[in-house]
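Peer 1: pasting a predicted model and its sequence here:
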Amino acid sequence: MIKGFIMELQKFLHKYVSEAFQKCGLSTYPTLLYPASKPEFGHYQINGAMGAAKSLKTNPRVIAQKIVDHLDILKQEEIADGIEILGAGFINITLSGKFLSRQAFANLFDKRLGVKQQPKQIIPIDYPSANLAKEMHVGHLRASIIGDALNRVLRFLGHDSFSQDHVGDWGTQFGMLITYMVETEKVGESQVALADLEGFYRNAKKRFEESEEFANTARSYVVQLQNGDKSVLALWRRFVQVSQKHCLEVYKKLGLLVNESNLKGESSYNDDLQPTVDELVRTGIAIDSDGAKVVFLDEIKDKDDQPTPFIIQKSDGGFLYATTDLACIRYRVRQLKANRILYVVDVRQSLHFQELFATARKAGFAPENVKLEHIAFGTMMGKDGKPFKTRDGNTVKLIDLLNEAVDKAAELVRRKNPNLSEEEITNISTAVGISSIKYADLSKNRTSDYIFNWESMLSFEGNTAPYLQYAYTRIQSLLSKSGQAVEPSTDYKISATEQAEKNLLCLLLQFEDVIISVSKECMPHYLANYLFQLASSFSKFYEKYPILKETDTIKNSRLQIARLTARTLKQGMDLLGLEVLDKM
Ligand code: ARG
């Protein structure tokens, strides 16, 4: 397994400690914990001496002392500068300032900040996957933001990850939309109507509900669409194009790593649906149940302890969301050769994904060595604790929300720095507004619901995007005030002496570990919280130790630490899809 620096160091120390245990003739094994219960960083705690003492019926502190004697090599090699026995017989190793400084110095001159590339895996990520029948709304915001952060992190680690935008561009709703398009065309207002997708959808739905004739036409269009009727497909394509264009604009505004080439909508699996069902029937995995084709899943029991049914074809021959997803898994495994597939989708679809994955495993569509993961997220709530809506109770259009964020940020930027030009205000407020929305989401554990609150997300205090952005600009201005170049120079060594400095270095050296855990557990908030901790630790440090007033050696060393902090912040923010500014 690949591990980050801190984890590797732990393994490395563990080797020394195990040897020391052996030299003491102990048959028990030590465990090494990081960080130890002491509040400062840079400590590893060894447990095991007490257990050994117990079985030997001797004093644990005596055993601990023997072990410590054998660990002197860590001091000789300047890895640790303190090895002490605490309490009943815990051993604490304190990493030396020299060791930490050496590592930090090496990272400062490494393009990847010491983060190693991993063996490449192919990782399609299912996001944002909105429905094209309507305009994108806030429900797709979380998928977009979380999916994109994971995409960035995985790419940075050397993987071939990319969005597979499973847009909802097929199914019954499209019959309704086509009917309405044809109907309004006659009244000559199609352009206007299509420009406002949301209004178009609402009107079509209203017509569908009020007119039997309209509804019948809509149903017949669906059948013709599924049978591949050329003229109906052409109508469908016109609609889908407008809707796609709208989505792509939103992606651009959000700065997502998603473009036209990532679109792989439900419609693209149309020809695979029947073969997929046939394959499942042939292998006996799906059976006939009242005319429908169903997979009964023993591994997922319903509330009456019966196997859950996963319907893959209706009795009228129609296909479902599930069928498309099965065809899609087959494609991702067989065609894309995926090693791991992530689905960044609302937690309310959890059962669907459990059933989907179980069926795909049974059918061999996804062999055991391909990891299937539902990256579930909770709902975005309004301040009232109910799902986020407009004042009059409608769903909020994503594009409106993003524009509002930029407007609010512009007000803020103007107030904070009245001397900026209009152009600067536009650039800064776009960066601040969009990043704030993203960060408000990414800084929370994705599995829970979260409350969308303009005031807190746009604040310069607390765990927010503007706070991080501002912290970065402060370091830039510190560097420019110092008269030195922003780029580091190898002439200046890092030599941490104060505990606060060592703490900061330890935190900086954890960057790789944090990124690796994000990639494994798909939890972007680990990185968000890390960056917040880093930014606040640095600013506390800077407040306590005014860097520029120090003697040259200390000043130069601390400016190097400042550079490493800035670079780590910038890299980390970039991995979360946040914009970094030099000035604000
Ligand atoms: N379009 C769906 C929705 O908006 C999400 C699709 C998720 N991806 C998938 N492969 N099922 O609810």
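Peer 2: Ah, there it is. Numbers count the residues shown, from 1 in each chain.

Peer 1: lowest confidence element among the helices and strands of this protein?
Peer 2: Among the helices and strands of the chain, helix 190-195 carries the lowest confidence by mean pLDDT, DSSP states H and E, at a mean of 61.

Peer 1: residues of stretch 48-61 that come out buried?
Peer 2: Across stretch 48-61, burial judged by 16 or more other C-beta atoms under 10 Å covers 48-53, 56, 60-61. Where C-beta positions appear, they are placed from N, C-alpha and C, glycine not excepted.

Peer 1: which one of those residues is nearest to the ligand?
Peer 2: Distance to the ligand across those (C-beta to the nearest ligand atom) is lowest for residue 48, with 47.6 Å.

Peer 1: output the below-cut-off pLDDT ranges for the stretch 1-150 of the chain.
Peer 2: 1-3, 34-41 (pLDDT under 70).

Peer 1: phi and psi next, for the residue in it that the ligand sits nearest to.
Peer 2: The stretch 1-150 of the chain approaches the ligand most closely through residue 129 (3.8 Å), counting by C-beta to the nearest ligand atom. Torsion angles at residue 129 (phi, psi; degrees, to the nearest 10) stand at phi 50, psi 50.

Peer 1: identify the residues contacting the spatially closest residue to it that is not a sequence neighbour.
Peer 2: The spatially closest residue to residue 129, leaving aside those adjacent along the chain, is residue 166, at 4.2 Å (C-beta to C-beta, 6 or more residues apart in numbering). Going by C-beta atoms under 8 Å, 6 or more residues apart in numbering, residue 166 touches 126, 129, 264-266, 328.

Peer 1: so which of those residues are in strands?
Peer 2: residue 126 (DSSP state E).

Peer 1: what's the neighbour count on the residue of the stretch 351-500 of the chain found nearest the ligand?
Peer 2: Of the residues in the stretch 351-500 of the chain, the one nearest the ligand is residue 352, at a distance of 7.2 Å by C-beta to the nearest ligand atom. Other residues near residue 352 come to 16 when the count uses other C-beta atoms under 10 Å.

Peer 1: residue contacts, it?
Peer 2: 321-322, 325.

Peer 1: swap in 7 Å and give it another go.
Peer 2: Contact analysis of residue 352 by C-beta atoms under 7 Å, 6 or more residues apart in numbering lists nothing.

Peer 1: ok, back up a step: take the buried residues of stretch 48-61 and write them to TSV, including distance to residue 493 and secondary structure.
Peer 2: Output for the buried residues of stretch 48-61, formatted as TSV (distance: C-beta to C-beta, whole Å; DSSP: H, G, I helix; E, B strand; the rest coil):
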residue	distance to residue 493	secondary structure
48	37	coil
49	37	helix
50	40	helix
51	42	helix
52	41	helix
53	43	helix
56	46	helix
60	41	helix
61	39	helix
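
Peer 1: sorry, back to before: ok, and the most crowded of the contacts of residue 166?
Peer 2: residue 328 (25 neighbours).

Peer 1: quick one: that residue and residue 270 touch, right?
Peer 2: No - contact between residue 328 and residue 270 fails when scored by C-beta atoms under 7 Å: they sit 11.5 Å apart.

Peer 1: in the stretch 1-150 of the chain, which spans are strands?
Peer 2: For the stretch 1-150 of the chain, the strands defined by DSSP state E, counting those that start in this stretch cover 31-33, 43-47, 80-86, 90-95, 122-126.

Peer 1: elements contacting the shortest one?
Peer 2: What that stands for is strand 31-33. Secondary-structure packing of strand 31-33 (3 or more C-beta pairs under 7 Å, 6 or more residues apart in numbering; DSSP states H and E): helix 5-23, strand 43-47.

Peer 1: one more: the last one?
Peer 2: Secondary structure elements in contact with strand 122-126, counted by 3+ C-beta pairs under 7 Å, 6+ apart, are helix 141-156, strand 160-164, strand 340-346.

Peer 1: cool, the second one as well?
Peer 2: Contact here means 3+ C-beta pairs under 7 Å, 6+ apart; on that basis strand 43-47 packs against helix 5-23, strand 31-33, strand 90-95.

Peer 1: ditto for the third one
Peer 2: Judged by 3+ C-beta pairs under 7 Å, 6+ apart, the packing partners of strand 80-86 are helix 60-70, helix 72-76, strand 90-95.

Peer 1: which residues in the stretch 251-400 of the chain form helices?
Peer 2: With DSSP state H, counting those that start in this stretch applied, the stretch 251-400 of the chain shows helices at 273-282, 321-334, 350-363, 398-416, listed in chain order.

Peer 1: to what extent is residue 422 buried, counted in neighbours?
Peer 2: 9.

Peer 1: just to revisit the earlier point, most tightly surrounded among the helices of the stretch 251-400 of the chain?
Peer 2: Per-stretch averages of neighbours, counted by mean count of other C-beta atoms under 10 Å, single out helix 321-334 among these, with a mean of 21.

Peer 1: quick one, what contacts residue 505?
Peer 2: Contacts for residue 505 (C-beta under 7 Å, 6+ apart) come out as 100-101, 104, 496, 561.

Peer 1: before we move on, what SS does it have?
Peer 2: helix (DSSP: H, G, I helix; E, B strand; the rest coil).

Peer 1: which residues touch the nearest residue to it once chain neighbours are set aside?
Peer 2: Among residues not flanking residue 505 along the chain, residue 100 sits closest, at 4.2 Å (C-beta to C-beta, 6+ apart). With contacts defined as C-beta under 7 Å, 6+ apart, residue 100 is in contact with 42, 496, 502, 505-506, 509.

Peer 1: rerun that using 6 Å as the cut-off
Peer 2: With contact taken as C-beta atoms under 6 Å, 6 or more residues apart in numbering, residue 100 is in contact with 496, 502, 505.

Peer 1: roughly how far does residue 314 sit from the ligand?
Peer 2: 18 Å (C-beta to the nearest ligand atom, to the nearest Å).

Peer 1: dump the helices and strands packed on strand 31-33 to JSON lines, plus mean neighbour count and distance to residue 243.
Peer 2: As requested, the helices and strands packed on strand 31-33 are arranged in JSON lines below (neighbours: other C-beta atoms under 10 Å; distance: least, C-beta to C-beta, whole Å):
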{"stretch": "helix 5-23", "mean neighbour count": "17", "distance to residue 243": "46"}
{"stretch": "strand 43-47", "mean neighbour count": "20", "distance to residue 243": "55"}
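
Peer 1: looking at the ones you listed, which is closest to residue 179?
Peer 2: Between residue 179 and those, the tightest spacing by C-beta to C-beta is seen for helix 5-23, at 59.2 Å.

Peer 1: now do the closest one: distance to the chain's middle.
Peer 2: Put simply, helix 5-23 sits 32 Å off its chain's centre (C-alpha atoms, centre = their mean, to the nearest Å).

Peer 1: got the angle between it and strand 90-95?
Peer 2: 130 degrees (axes from the mean of the first three to the mean of the last three C-alpha atoms, to 10 degrees).

Peer 1: which strands or helices does helix 5-23 pack on?
Peer 2: helix 60-70, helix 511-521 (3 or more C-beta pairs under 6 Å, 6 or more residues apart in numbering; DSSP states H and E).

Peer 1: pick the most deeply packed of these.
Peer 2: Scoring those by mean count of other C-beta under 10 Å, the most buried comes out as helix 511-521, with a mean of 21.

Peer 1: what helix or strand does residue 562 sit in?
Peer 2: helix 552-575 (DSSP states H and E).

Peer 1: for that helix, packing partners?
Peer 2: Against helix 552-575 (3+ C-beta pairs under 6 Å, 6+ apart) you get helix 141-156, helix 465-481, helix 524-544.
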